[in-house]
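K.L.:
Predicted structure and sequence below. I'll ask about it afterward.
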Amino acid sequence: MYPWVAGGDSGELVASACSLSVAHPPGYPLYQLIFVASMSFIGLVRPDTSPAWRANFTNAIIAGFAATGVVILTLFLSRTVIAEQFEKTEEKEHNYLKRKSKSSTNMKKGIKKGPPSRISGHSVRYFTINLGIRNNAEVFSLNNLLCGALLSIFVLYMQHLELNSSAPSPYYAALLGLVSGLCISNQHTSIFFIIVCIPVACFHQSASLLCDTRALVCAVTAGVLGLSPYAYLIYRSFQRPLDGWGDQRNVDGFLTHFFRREYGTFHLASEWESGEGQTLAKFLRRQVGFILMGIFIFSTLQQKHNSVCKTVIVAYFAYALALNMLANLTFSELHISILKRMWQQSTVLGMAFVGSGFSIICVWLDNKHSRSVKSILPYLTILLFLVRVRSVYNQMDQSETWLFGHYATDLLDSLPFNSLLLVNDDMNCNLIHYLKRCEDYRPDVNFVRLPLITYEWWKPMQLHHFDDLVFPADVHHPYKLNGFAMKDFLKANVPRSKDGRQVFVAGEWKSGDETQDIFQRIPVGLSDHVLWPKSTVNLVDFSKSVKINFEKLQQTFSNSFLVGSSAGNWELVVQEKYVHYLVMASHFIAEKVFTEDLSSSDQVDILDVAVLLYEKMMILTTDMTEKDIFYLHRAVWRNAGLCAGVAGNLMRNLGQEKESVQMAKKMFSFWVRFLKHCIADGDAYETQCTEIAQFVKLRVNPYSNQSFESYHDWEFADIETSAILNRPT
């Protein structure tokens, strides 16, 4: 379990629970109410824990119940199929189901041992760990639990109608309505299950729910009760809490939030580009599950009267096909991981189908083979379970993953007192949101989420919380009559001197508005200092502040870096932000140091800071290729060698002979990396590549004309220089 909030929406959801504000659309009111209550209770029992730990612990408990629910759903589905598959007449099936409804006696045929079908629940449980949503606070575990409960109740309700065709049960009808409402109160994608299952329950041929007034009233009343958590959103909206999302004080505002109109209902992205391949091993691993699912689906479709399982199969494909089409994602490894992490309803059913298919195989073996084969089945199930645990446990153990917390604190610690921080992208917005609202870290720093000021509800709902913020118009939109451009916002809030409140930005500017580009962005830390055009930057002071911030980051670099490497990994996104800072700060120094009127000693100190950053980049990006998130263009290493070479020459002129030699060694190591990129990029014979290859081969610092050929202990790879200089004629 994560000790702090993780990537995705975890930070924002927990922060909304801390501040009792409205979360992003559709609001997740049931999730919010459950987590507010659980975090308060755990805080009383364990006051030494953080709000993030309490939320993650709550989520882990919910995920455990969700896994149990899938086991139950698997048992219901498999017994429905197996009963008709192996009982020869409808009368036997009727008697069989009747016996099952009145007692907990194990199935007559094959499923009596139980363990084979439990593989489904265990698979989902560790599948959830694998996707990072069991061990950190997200809405998906609760959605899995509710959807599993909805389908289980639906199966029981339909079995009740089969056995008691005279009238539907008000008890089951109320349960079905209540859970349907709760599903929508947590995550609106559950509607794809509801619109398939509820009509079947309402228009069942033997006992229509619509014809029984008592059962219908129970179902509708319970459904409204299940939707009642949305009243919490309306109530809190009238309070206009800090960081609340949207304006639900009127019908249009509520429906906008409910249907996610600001995002696009059920949309995850408007456009994605693929380019990631699938390995044969990954493909085959997926097919094992598909084969077991196919066995269950094939067995169901062969049966004439099994409307229950057929309806569940339709619900599975309705969700999987509709949502995948609306999400606009490809089948790349990254996008598949995003889909699995964010929308898992189909996985709940998919794993139930896998478990049911496995149970069908076990029943067939139980009926066709000897006692020795039957005795192996429980052990086979246990073995499969242990293999799954072993394959994911070490990878998914996040109990020591503090990277997200380090990033948020490192970002805020780099800011001066009483700063204004503008944040963009989910990672920056959500992590800072949690740290500020739940742990009250750096109360002197105020922050504004740039994506939210593009909505017209932000000014009437949030501006009163920012007394010292100047809002030029109603909304950030450069092309609206009542809107303003970011240039106008910065002109009104960025001070012209160092005495006023300083403004920083983390992340890119909001796309579609380039007017702010006239302002300077100075990369002093994980955020950039925003300055007026043509403002002068003292490069000596800048390099000192960069070095101070870099030293603060050393603990993060040594303890929290390179914890994962899979596509779609949130840890890699945060790590890329650290690397991006190193690149931008070193690039700023390399761009300015040769144009400023500085003394030789100042130039040495400044270049030494740049080389320090380049060295850290060398460590963090070792053996990275262009496909990796940390890939850096070869120009970075060319500039790194240039800075080291010039610094070495200046040190020599200042009489620092020993330091000059060490700096030359660093220059050659940077240029060896540059030559490797020349070869990998197919540009080995480009002019710069051949020139630098010559310097490396001769071990000459071109900026001081000093030769280091006598330093035999320097080990450089001659393969790169030979491949470039020994060009075939």
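P.N.:
Here it is on my side, so go on. Numbers count the residues shown, from 1 in each chain.
K.L.:
Can you report how many residues neighbour Leu349?
P.N.:
25 (other Cβ atoms under 10 Å). Just so you know, the C-beta spots here come from the backbone N, C-alpha and C atoms, and that holds for glycine as well.
K.L.:
Give me the buried positions along the helix or strand in which it is found.
P.N.:
Using DSSP states H and E, Leu349 maps to helix 345-368. Neighbour-count burial for helix 345-368, counted by 16 or more other Cβ atoms under 10 Å, picks out 345-366.
K.L.:
Quick check: Val505 is in a helix.
P.N.:
No - Val505 sits outside any helix when classified using DSSP: H, G, I helix; E, B strand; the rest coil, being strand.
K.L.:
Could you list every helix and strand in contact with the helix holding Leu349?
P.N.:
Applying 3 or more Cβ pairs under 8 Å, 6 or more residues apart in numbering; DSSP states H and E, one finds that helix 345-368 makes contact with helix 51-86, helix 115-130, helix 140-163, helix 280-301, helix 307-327, helix 371-396.
K.L.:
Give me the buried positions along the last one.
P.N.:
Burial within helix 371-396, assessed by neighbour count using 16+ other Cβ under 10 Å, is assigned to Leu377, Thr381, Leu384, Phe385, Arg388, Met396.
K.L.:
from these, which two are the most distant?
P.N.:
Leu377 and Met396 (28.0 Å; Cβ to Cβ).
K.L.:
any idea what Val448 is structurally, helix, strand or coil?
P.N.:
Following three-state DSSP, Val448 is assigned to strand.
K.L.:
can you check Asp499 too?
P.N.:
Once three-state DSSP is applied, Asp499 turns out coil.
K.L.:
what number of residues lie near it?
P.N.:
Neighbours of Asp499 using other Cβ under 10 Å come to 7.
K.L.:
same deal with Phe708?
P.N.:
Counted with other Cβ under 10 Å, Phe708 comes out at 16.
K.L.:
For it, report the pLDDT, please.
P.N.:
With respect to pLDDT, Phe708 scores 84.
K.L.:
is it true that it touches Lys666?
P.N.:
No - between Phe708 and Lys666 there is no contact under Cβ atoms under 8 Å: 11.8 Å.
K.L.:
tell me which element Glu576 falls in.
P.N.:
Secondary structure (DSSP H and E) places Glu576 in helix 570-592.
K.L.:
Where does the closest residue to Val505 other than its chain neighbours sit: helix, strand or coil?
P.N.:
Distances taken as Cβ to Cβ, 6 or more residues apart in numbering put Leu422 closest to Val505, at 4.4 Å, once the chain neighbours are dropped. On the three-state scheme (three-state DSSP), Leu422 is labelled strand.
K.L.:
Quick check: Leu422 vs Ser511, distance?
P.N.:
15 Å (Cβ to Cβ, to the nearest Å).
K.L.:
And Asp247, by the same measure?
P.N.:
Relative to Ser511, and taking Cβ to Cβ, Asp247 is found at 24 Å.
K.L.:
These two: who's more crowded?
P.N.:
For Asp247 and Ser511, the more surrounded residue by other Cβ under 10 Å is Asp247, and the numbers stand at 22 against 7.
K.L.:
ends of stretch 477-489, how far apart?
P.N.:
Using Cα to Cα, to the nearest Å, one end of stretch 477-489 lies 11 Å from the other.
K.L.:
50 is where my numbering starts, stick with that
P.N.:
In the new count, where the first residue is 50, that last one comes out as stretch 526-538.
K.L.:
Quick check: phi and psi at Tyr752.
P.N.:
Backbone torsions for Tyr752, taken as degrees, to the nearest 10, come to phi -90, psi -20.
K.L.:
pretty sure Val544 is in contact with Val579, am I right?
P.N.:
For the record, residue 544 is Pro, not Val. No - applying Cβ under 8 Å as the test, Pro544 and Val579 come out as separate, 9.9 Å apart.
K.L.:
Looking only at neighbour counts, state which of those two leads.
P.N.:
Counting neighbours by other Cβ under 10 Å for Pro544 and for Val579 shows that Val579 has the greater number, 21 against 14.
K.L.:
Assign the more buried one to helix, strand or coil.
P.N.:
Val579 ends up strand, using three-state DSSP.
K.L.:
Please name the nearest non-neighbouring residue to it.
P.N.:
Val552 (4.5 Å).
K.L.:
what's the neighbour count on the one you found?
P.N.:
When neighbours are defined as other Cβ under 10 Å, Val552 has 21 of them.
K.L.:
quick one: it from Asp475, how far?
P.N.:
Separation of Val552 from Asp475 (Cβ to Cβ): 21 Å.
K.L.:
And Ala696, by the same measure?
P.N.:
39 Å.
K.L.:
quick one, which of the two is more surrounded?
P.N.:
Ala696 (27 against 18).
K.L.:
Wait, the more buried one touches Val658, no?
P.N.:
No - between Ala696 and Val658 there is no contact under Cβ under 8 Å: 10.0 Å.
K.L.:
any shared contact partners between Pro544 and Val579?
P.N.:
Val552 (Cβ atoms under 8 Å, 6 or more residues apart in numbering).
K.L.:
shouldn't Ser753 be in contact with Gly694?
P.N.:
Yes - between Ser753 and Gly694 a contact is recorded at 7.5 Å, counting by Cβ under 8 Å.
K.L.:
neighbour count winner among those two?
P.N.:
Neighbour totals were compared for Ser753 and Gly694, and Gly694 leads with 25 against 18 (other Cβ under 10 Å).
K.L.:
Give me the helices and strands touching the host helix or strand of that one, please.
P.N.:
Assigned by DSSP H and E, Gly694 falls within helix 683-702. On a contact count with 3+ Cβ pairs under 8 Å, 6+ apart, helix 683-702 meets helix 619-641, helix 649-669, helix 706-729, helix 736-747, strand 749-750, strand 755-756.
K.L.:
Tell me which of these sits nearest to Ser239.
P.N.:
helix 619-641 (24.6 Å).
K.L.:
show me where the stretch 500-649 of the chain has strands.
P.N.:
524-525, 532-533, 552-555, 569-571, 577-580 (DSSP state E, counting those that start in this stretch).
K.L.:
most packed of those strands?
P.N.:
Among those, ranked by average contacts under mean count of other Cβ atoms under 10 Å, first place goes to strand 552-555 (a mean of 24).
K.L.:
for it, the distance to its chain's centre please.
P.N.:
The chain centroid and the centroid of strand 552-555 are separated by 23 Å, computed with Cα atoms, centre = their mean, to the nearest Å.
K.L.:
again with stretch 621-637
P.N.:
For stretch 621-637, the distance to the chain centre is 20 Å (Cα atoms, centre = their mean).
K.L.:
Please identify the buried residues of that stretch?
P.N.:
Neighbour-count burial for stretch 621-637 [16+ other Cβ under 10 Å]: 621-624, 626-628, 630-632, 634-637.
K.L.:
Report the rounded mean pLDDT for it.
P.N.:
Stretch 621-637 comes out at a mean pLDDT of 89.
K.L.:
Please apply the same query to stretch 549-556.
P.N.:
The model assigns stretch 549-556 a mean pLDDT of 93.
K.L.:
now what about it, what contacts it?
P.N.:
With Cβ under 8 Å, 6+ apart as the test, stretch 549-556 has contacts from 460, 464-465, 467-474, 477, 481, 499, 517, 539, 542-544, 570, 574-579.
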